[in-house]
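>>> prediction below, plus the sequence it came from.
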Amino acid sequence: MKKDRKVIPFPLLVEESELLAELKKLYEQAALARSTQWTNYIQEIASEGTWHLKDAELFRDLFIDWAVFFETDEDGMTPHGRYLADHKNDMSPALYHALRGLAVPRCSIFEVTEDGQLKDWESKETYAVQLPEERETGDLVLGKLLDIRGSWRFGSAFLALPAKMSGNVADLYIDFTDEVGPGAFLEQFPEFCAELIDLLLDLEEGVIIPKPSK
């Protein structure tokens, strides 16, 4: 019967090395085509001396992760979509479907749950993600998840914030989405990151104090 059939996801039919090699090409092409507005903004931050260069580079990578899948050109296509259209005939069906599936889930803020999973503030979905370092319950992680052969991983970068700041970030998130409207977080992710940078600078300089979630 149909309900008893075993469905094998396309990503599992692709060797990880093959998928990662194609993903690298996709990112390299997207990095060349992305808007220079955010690159200039990051360079400006790094030159101010109040923000560490490594942190500026981290946000640059977060912007690239967003731009690859969500920044559209004059034809309304993302770098991800254009790459798939241009190279579909050069890929196996399995590799094509694996790359196509990388657009989900969206860039978001994820909260570490009691069982160590990440809960997406946007969709409310939870994901089992292998992080390079252990995080505490209530910690936040900002970034874009990719499905690499059935395993959730972050793209080129992610930003981890301690639970003691989660209330500050939650207030910013609520204010931002209320002001800009539905879909604001995804559509204007770089703008949110810019406001988050200001928030982190204020926390670092003691202008405001850390505020844990209620």
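Done, it's in. Numbers count the residues shown, from 1 in each chain.

>>> for this protein, what helix or strand is lowest in average pLDDT?
Ranking every helix and strand in the chain by mean pLDDT, DSSP states H and E puts helix 37-48 at the bottom, with a mean of 64.

>>> what helix or strand is the residue nearest the centre of the chain on?
With distances taken as CA atoms, centre = their mean, residue 144 lies nearest the centre of the chain, 2.0 Å away. With elements delineated by DSSP states H and E, residue 144 resides in strand 140-148, which encompasses its position.

>>> immediately after the least confident helix or strand of the chain, which helix or strand?
Heading towards the C-terminus - elements assigned by DSSP H and E - helix 37-48 is followed by helix 53-70.

>>> shaky segments in the chain?
When the per-residue scores of the chain are filtered using pLDDT under 70, the ranges that remain are 1-12, 32-54, 182, 214.

>>> can I get the top strand by length along it in PDB? Just the C-alpha atoms.
Among all segments of the chain classified by DSSP state E, the strand with the greatest residue count is strand 151-161. Written as PDB, here are the backbone C-alpha positions of strand 151-161 (Å, rounded to 0.1, in the frame of the first residue of the first chain):
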ATOM      1  CA  SER A 151      21.700  16.600   8.800                       C
ATOM      2  CA  TRP A 152      20.900  20.200   9.800                       C
ATOM      3  CA  ARG A 153      23.900  22.500   9.800                       C
ATOM      4  CA  PHE A 154      24.400  26.200   9.700                       C
ATOM      5  CA  GLY A 155      25.600  27.900   6.500                       C
ATOM      6  CA  SER A 156      28.900  29.800   6.400                       C
ATOM      7  CA  ALA A 157      28.300  31.400   9.800                       C
ATOM      8  CA  PHE A 158      26.100  31.600  12.800                       C
ATOM      9  CA  LEU A 159      25.900  34.000  15.800                       C
ATOM     10  CA  ALA A 160      25.400  32.500  19.200                       C
ATOM     11  CA  LEU A 161      24.200  34.700  22.100                       C
END
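
>>> buried residues in that strand?
Neighbour counts using 16 or more other CB atoms under 10 Å place 153, 154, 155, 156, 157, 158, 159, 160, 161 of strand 151-161 among the buried residues. Where C-beta positions appear, they are placed from N, C-alpha and C, glycine not excepted.

>>> who does the second one form a beta bridge with?
With DSSP bridges as the criterion, residue 154 is bridged to residue 145.

>>> wait, it sits on residue 145?
Yes: taking CB atoms under 8 Å as the definition, residue 154 is a contact partner of residue 145 at 6.1 Å.

>>> so what's in contact with the two at the same time?
Among the neighbours of residue 154, those also in contact with residue 145 (CB atoms under 8 Å, 6 or more residues apart in numbering) are residue 129.
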